[in-house]
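Undergrad: sequence and predicted model, in that order:
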Amino acid sequence: MYNKKEKPIVLEVDRIYQIEGKKYLIDENAYNKTYVWLVDDGNEPYGRRRTLGGIKNKEVIKLT
């Protein structure tokens, strides 16, 4: 028997994802960080640019 490795989650730039109940617009993928913006109900980004990390054990849903 052998252990199968899970495929890493790849987030596409300029797409909107729902992660743990919050919607994010992916701005940039760096080596080990992902830069995102929060998104409101009209799919418009707001607030400040944030870093997103540790999504391995979180529920990720692609919206657009």
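TA: Here it is on my side, so go on.
Undergrad: okay, and the beta partners of L52?
TA: T34 (DSSP bridges).
Undergrad: show me the strands in the protein, by range?
TA: 16-19, 22-29, 34-39, 45-52, 60-62 (DSSP state E).
Undergrad: touching the last one from outside, list them.
TA: What it means is strand 60-62. Strand 60-62 is contacted from outside by I9, L11, E12, R15, I16, Y17, Q18, I19, using CB atoms under 8 Å, 6 or more residues apart in numbering. The way it works is simple: take the backbone N, C-alpha and C, and place the C-beta from them, glycine included.
Undergrad: can you report how many residues neighbour the second one?
TA: Neighbour count of L11, defined by other CB atoms under 10 Å: 17.
Undergrad: for it, phi and psi?
TA: With angles defined as degrees, to the nearest 10, L11 sits at phi -100, psi 130.
Undergrad: and the pLDDT for it?
TA: L11 is assigned 88 on the pLDDT scale.
Undergrad: same deal with the last one?
TA: Confidence per residue is given as pLDDT, and for I19 that number is 92.
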